[in-house]
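Visitor: Quick one, structure for this:
(6 chains)
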4 protein chains.
Amino acid sequence: MADSAEPSVPAASGGAASSVPDRLLSVATRLFAERGFERTSVQELVDAAGVTKGAMYHYFTSKDDLLFAIYERVLAMQMRRLTEFADAEGPLGERLRAAAADVVHTTVDNLDDTLIFFRSLHMLSPDRQNEVRKERRKYHERFRSMIEEGQREGLFRDDVPADIVVTQYFGAVHHLGMWYNADGELTGAALGAHYADLLLTSLRPK
Amino acid sequence: MADSAEPSVPAASGGAASSVPDRLLSVATRLFAERGFERTSVQELVDAAGVTKGAMYHYFTSKDDLLFAIYERVLAMQMRRLTEFADAEGPLGERLRAAAADVVHTTVDNLDDTLIFFRSLHMLSPDRQNEVRKERRKYHERFRSMIEEGQREGLFRDDVPADIVVTQYFGAVHHLGMWYNADGELTGAALGAHYADLLLTSLRPK
Amino acid sequence: MADSAEPSVPAASGGAASSVPDRLLSVATRLFAERGFERTSVQELVDAAGVTKGAMYHYFTSKDDLLFAIYERVLAMQMRRLTEFADAEGPLGERLRAAAADVVHTTVDNLDDTLIFFRSLHMLSPDRQNEVRKERRKYHERFRSMIEEGQREGLFRDDVPADIVVTQYFGAVHHLGMWYNADGELTGAALGAHYADLLLTSLRPK
Amino acid sequence: MADSAEPSVPAASGGAASSVPDRLLSVATRLFAERGFERTSVQELVDAAGVTKGAMYHYFTSKDDLLFAIYERVLAMQMRRLTEFADAEGPLGERLRAAAADVVHTTVDNLDDTLIFFRSLHMLSPDRQNEVRKERRKYHERFRSMIEEGQREGLFRDDVPADIVVTQYFGAVHHLGMWYNADGELTGAALGAHYADLLLTSLRPK
DNA sequence: AATGAATGAGCGTTCATTCAT
DNA sequence: TATGAATGAACGCTCATTCAT
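Guide: As a prediction, the model looks like this:
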């Protein structure tokens, strides 16, 4: 989140100034990403956040509830950003490129969230898994609609289903959490530019 | 794997005829994929495999060891298949296309393995995580070398690092376990053809 | 409840009009009977009564204190009723019969109290258990004195200790909470008449 | 049980010689009676029995399961004894008297069981509560059938429903756990004789 | 080669009570 | 009078692993 223009996502700090739920959320994000949801005990969590178990269970009904709160935060942020880019002014190709690059950039700035998102989905209750999947679908559909619009206009090739293009692209994006190293030379912006370019190129009419 | 030409991957059956370690391995693959490594107890495992705990600990030193055995099996299979396609006769573009399509097809035929592979890597001991990553890197390098070869020959565009292309492609492939549904209409072969085509298209010189 | 003749058994309502302590008492009686003292959390209690924890702890020093208040209410009511019948005019046999029938009737009308009384006695502090037992003893003694009077007068057989007769009778009465179903056909009055008749019959001189 | 002819009910000892489940059962009976089911922690239980938690959960699936095992043992014993007396030779009146006296005697010899039985029934799962109630009903019915037989034969008065007689009698018996003190002068045999005599007397035709 | 009873540390969660406001 | 966030100890239970047989 360091260089992002987005102020509303709290930096994952353990700052003593923030509220108890906020502290728990940011500490949980860090620990769940570091060692996994199941390997993180509630005791470690509250110790790291500097609160007691009782305080945690005052705000979250379960460890699962805490995990779900992370999902909600991520889903809301991603949808908001996509909508901003998709609804902006300008030619379709450029809007798609900007959105595609931004999701990479944002993902890299919130790698912990991404790692948790795909690694721990199966730890949520079935109902909550469905809720997350439903939100993801809406997100994909918004992205797909841009590609379909380009296909109708003859801007993009239409011999490959838009759905497959989207799935391939987001597969790559979601997998970033597995290998991207923030300490390396490759910035999120540069990676986003490359990924978006490969996407746009792969869509060029033959 | 059913319709594949590859006979060496054991069908994930619980067949009473197979050996104890084989039964454990195939049952573990199914259960770890269904409910996750941590949510699967050793007791459930041995019950499902129809053996006792003592028998399991006779063949595997730990639950972690059983997980690692799954990784070894997957890594060996994937490397073998890639090598076959990469070392085959024929033009580079066709070899790359075939290898890229095959990894999708094979992944779809072994979805349980893929799901476990990326979801449970952090459950292995650090040493074993490193061993797995090392093997993955060799695998990626073999694939990347084909792209680099094409870039040197002018067959592929060279304004995007081969490494980024590979990472993007395999990111999409590895993510299949999160959404691909074997019950749908989309076959592994069809999906592989589309993914490979998008890859080849994205590499066309501008 | 305090000084009234028959309507003194409070309807177990959660009526918004009553005072906070009254509401807590009637809700506690219902919940302790329904799920047991230990299975009822203070949070559930105050939620059901529509007050906050702070309010409850303002009126009752502890959950135990709330339980004891129920005991006090029951003990006072039962003693008052017994005294009324025992001290009334009329032949001893009729007074005993009336008192014996009334305790059944009253018990059936306040089943929740009875259930709590015997099921949760061990949850009170030792001191309070002693206080309750002391009150019960006084109650039994008043009843026993009627039987002893009848034995001295030759009205009742005296080859069985009055104490044993009393214990047997009240055992049966106290156990009503375990099986009596208010929805059935058997009214409290009818049951009281039968129980009292069996008691009087068993006391007839041989 | 000390002086009883019944050998199959294990003395509630903590004897080191008995098996782990037996030790747990007898210790649980003692502790549940002493301080109540909810006030007895699993840790206290296993410490008192000299085993570990793991061992307990190897034999009993839950604390509830341990409680239910106590119920099963009591139900089986009581039914067996009643059947013996009811099916014996001799006149009905004598068989009823013997059975009525024996249940008091046996109850007094197993006071812990009785106390638990009625105090902790609501701690069992609803299914198990139903199972216990069903068994109790069968027990009561066997006893009631003796009274009905006597009523048909004119041996007993028939102006009071047999069901009410049974309920009253067993109410008194079940309540023994609340007050009977084994240290007093009153023996189980003497008490049983008195209770049975009161029962028979109350059934004399008018 | 295989059993399964037993271990013991750790888990997520509950809850009566306190106290600053 | 009343609030409700926070405490902290205890709870029932799980589970990978060991080991005598």
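Visitor: Can you name the residue of chain A nearest to DNA strand F?
Guide: Residue nearest to DNA strand F within chain A: A:Gly54 (1.9 Å; CB to the nearest atom of the strand). (C-beta placed from N, C-alpha, C; glycine too.)
Visitor: Provide a list of residues in contact with the residue lying closest to A:Tyr195 once chain neighbours are set aside.
Guide: Distances taken as CB to CB, 6 or more residues apart in numbering or on different chains place A:Val104 nearest to A:Tyr195, at 5.0 Å, with adjacent residues excluded. Contacts for A:Val104 (CB atoms under 8 Å, 6 or more residues apart in numbering or on different chains) come out as A:173, A:176, A:188, A:191-192, A:195-196.
Visitor: Give me the distance between A:Val104 and D:His122.
Guide: 59 Å (CB to CB, to the nearest Å).
Visitor: and if you look at A:Thr106?
Guide: A:Thr106 sits 55 Å away from D:His122, going by CB to CB.
Visitor: now the strands for chain A?
Guide: For chain A, strands defined by DSSP state E do not occur.
Visitor: Show me where it has its helices.
Guide: Remark: helices assigned in chain A by DSSP state H are A:20-35, A:42-49, A:53-59, A:63-86, A:92-109, A:111-119, A:126-152, A:162-174, A:176-179, A:188-202.
Visitor: The helix-or-strand element of chain A with minimal mean pLDDT close to chain B?
Guide: Counting by mean pLDDT, DSSP states H and E, the weakest-scoring helix or strand in chain A turns out to be helix A:176-179, with a mean of 91. Yes. Using CB under 8 Å from any CB of the partner chain, helix A:176-179 comes into contact with chain B via A:176, A:178-179.
Visitor: What residues does chain A have near DNA strand F?
Guide: Along chain A, the residues adjacent to DNA strand F under the rule CB under 7 Å from any atom of the strand are A:20, A:51-55, A:57-59.
Visitor: So for A:Ser8, what's the pLDDT?
Guide: Looking at A:Ser8, its pLDDT stands at 35.
Visitor: quick one: the residue nearest to A:Asp158 when sequence neighbours are not counted from A:Asp102, how far?
Guide: Distance criterion CB to CB, 6+ apart; nearest residue to A:Asp158, sequence neighbours excluded, is A:Gln151 at 4.1 Å. Distance, A:Gln151 to A:Asp102, by CB to CB: 22 Å.
Visitor: Also A:Lys138?
Guide: Distance from A:Lys138 to A:Asp102, counting by CB to CB: 18 Å.
Visitor: Against A:Glu38, how distant is A:His122?
Guide: To A:Glu38, A:His122 is 10 Å away according to CB to CB.
Visitor: Would stretch A:25-37 count as contacting DNA strand E?
Guide: No. In terms of CB under 7 Å from any atom of the strand, no part of stretch A:25-37 sits within range of DNA strand E; the closest distance is 8.1 Å.
Visitor: Would you mark the buried spots in that stretch?
Guide: The neighbour-count check on stretch A:25-37 (16 or more other CB atoms under 10 Å in any protein chain shown) flags A:25-33, A:36-37 as buried.
Visitor: With stretch A:185-203 instead?
Guide: Buried, per 16+ other CB under 10 Å, within stretch A:185-203: A:186, A:188, A:190-203.
Visitor: Can you tell me which of the residues you listed is closest to chain C?
Guide: A:Gly188 (46.1 Å; CB to the nearest CB).
Visitor: So, low pLDDT: which residues of chain A?
Guide: Residues of chain A meeting the criterion pLDDT under 70: A:1-17.
Visitor: can we see that at 80?
Guide: A:1-18, A:206 (pLDDT under 80).
Visitor: Residues of it that sit close to chain B?
Guide: A:35-36, A:38-39, A:118-119, A:121-123, A:157, A:160-161, A:164-165, A:167-176, A:178-179, A:191, A:194-195, A:197-199, A:201-202, A:204, A:206.
Visitor: Put the buried members of those residues into a PyMOL selection.
Guide: A single PyMOL command selects the buried members of the residues of chain A next to chain B (16+ other CB under 10 Å):
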select buried, chain A and resi 36+38+118+119+121+122+123+157+160+161+164+165+167+168+169+170+171+172+173+174+175+176+178+191+194+195+197+198+199+201+202
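Visitor: can you list contacts of stretch A:147-163?
Guide: Contacts to stretch A:147-163, defined as CB under 8 Å, 6+ apart, come from residues A:92-93, A:96, A:144, A:165-166, A:203-206, B:194, B:197-198, B:201.
Visitor: ok, and of those, which contact DNA strand E?
Guide: Near DNA strand E, judged by CB under 7 Å from any atom of the strand, there are no entries from the contacts of stretch A:147-163.
Visitor: just the residues you listed now: which is nearest D:Asp112?
Guide: A:Val166 (68.5 Å; CB to CB).
Visitor: if I look at A:His122 and A:Glu38, which residues touch both of them?
Guide: Taking CB under 8 Å, 6+ apart as the contact rule, A:His122 and A:Glu38 both touch B:36, B:39.
Visitor: A:Val108 - nearest residue in space that isn't next to it in sequence?
Guide: Ranked by CB to CB, 6+ apart and with sequence neighbours excluded, the top spatial neighbour of A:Val108 is A:Gly188, at 3.3 Å.
Visitor: Show the contacting residues for that neighbour.
Guide: A:104-109.
Visitor: With A:Gln168 instead?
Guide: Contact analysis of A:Gln168 by CB under 8 Å, 6+ apart lists B:172, B:195, B:198.
Visitor: what about A:Met77, neighbour count?
Guide: A:Met77 is flanked by 17 other residues according to other CB atoms under 10 Å in any protein chain shown.
Visitor: I'd say it and A:Thr106 touch.
Guide: Yes. A:Met77 is within contact range of A:Thr106, at 7.5 Å (criterion: CB atoms under 8 Å).
Visitor: quick one: contacts for A:Leu92?
Guide: By CB under 8 Å, 6+ apart, the contact list for A:Leu92 reads A:146, A:149-150, A:153, A:155.
Visitor: So how do I select the buried members of these in ChimeraX?
Guide: Command for ChimeraX that selects the buried part of the contacts of A:Leu92, burial taken from 16+ other CB under 10 Å:
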select /A:146,149,150,155
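Visitor: From what I see, A:Phe32 and A:Tyr71 are in contact.
Guide: No. Counting by CB under 8 Å, A:Phe32 stays clear of A:Tyr71, with 10.9 Å between them.
Visitor: count of neighbours near A:Gln78?
Guide: Around A:Gln78 sit 21 other residues, with neighbours defined as other CB under 10 Å.
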